[in-house]
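Trainee: how would this look folded up:
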Amino acid sequence: QVELVESGGGLVQAGDSLRLACAAAGGTFSSINMGWFRQALGKEREFVSSISRDGIWTDYADSVKGRFTVSRDNAKALVYLQMNNLKPEDTAVYYCAAEVNGRGIWRTEDGYDYWGQGTQVTVSS
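Mentor: Residues are numbered from 1 along each chain as shown. The predicted structure follows:
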């Protein structure tokens, strides 16, 4: 059982930055591949980014590539999503997800085993 708690969301203006954090409890964090997804109001949840358990491999959705950076601190059991140059279309609830069976990083929700409750990010124009 892995529990995930996101933090760092908020209301910002277009062009601003935010850093989201996801704290994991339970399991061996250095063995867990992590992902970030988001869901805007009235839309399906979509992939944002992922990072392998050792931090070597990362992946980004085209819509955030070059603006968002994913990282992790295995000693602290934290994964981060640094979001720069935010746009109104980035407004969504952001979720972190954990893959605990060593199957790598995924762009699809079914690749992940555990989910956090989400944190709201609102970007005003």
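Trainee: Going by neighbour count, list what's buried in stretch 47-54.
Mentor: Buried residues in stretch 47-54, counted by 16 or more other CB atoms under 10 Å: F47, V48, S49, S50, I51, S52, R53. All C-beta atoms are positioned from the backbone trio N, CA, C, and that covers glycine.
Trainee: residues making contact with it?
Mentor: 30-38, 57-61, 64, 68, 70-72, 74, 79, 81, 94, 102, 104-108 (CB atoms under 8 Å, 6 or more residues apart in numbering).
Trainee: what do you get for stretch 32-46?
Mentor: 2, 20, 22, 24, 47-53, 61, 70, 72, 79, 81, 89-100, 102-106, 109, 111-112, 118, 121.
Trainee: what about that stretch, distance to the chain center?
Mentor: Relative to its chain's centre, stretch 32-46 lies at 8 Å (CA atoms, centre = their mean, to the nearest Å).
Trainee: then that stretch to PDB, C-alphas only?
Mentor: This file holds the C-alpha atoms of stretch 32-46, laid out as PDB (Å, rounded to 0.1, in the frame of the first residue of the first chain):
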ATOM      1  CA  ILE A  32       8.600   3.100  -7.500                       C
ATOM      2  CA  ASN A  33       8.100   4.700 -10.900                       C
ATOM      3  CA  MET A  34       6.100   7.900 -10.700                       C
ATOM      4  CA  GLY A  35       3.800   9.800 -12.900                       C
ATOM      5  CA  TRP A  36       1.900  13.100 -13.000                       C
ATOM      6  CA  PHE A  37      -1.500  13.500 -14.600                       C
ATOM      7  CA  ARG A  38      -4.000  16.300 -14.700                       C
ATOM      8  CA  GLN A  39      -7.700  16.700 -15.200                       C
ATOM      9  CA  ALA A  40      -9.400  19.900 -16.300                       C
ATOM     10  CA  LEU A  41     -13.000  20.500 -15.600                       C
ATOM     11  CA  GLY A  42     -15.200  18.500 -18.000                       C
ATOM     12  CA  LYS A  43     -12.300  16.700 -19.500                       C
ATOM     13  CA  GLU A  44     -10.700  13.300 -19.100                       C
ATOM     14  CA  ARG A  45      -7.600  12.900 -17.000                       C
ATOM     15  CA  GLU A  46      -4.400  13.200 -19.200                       C
END
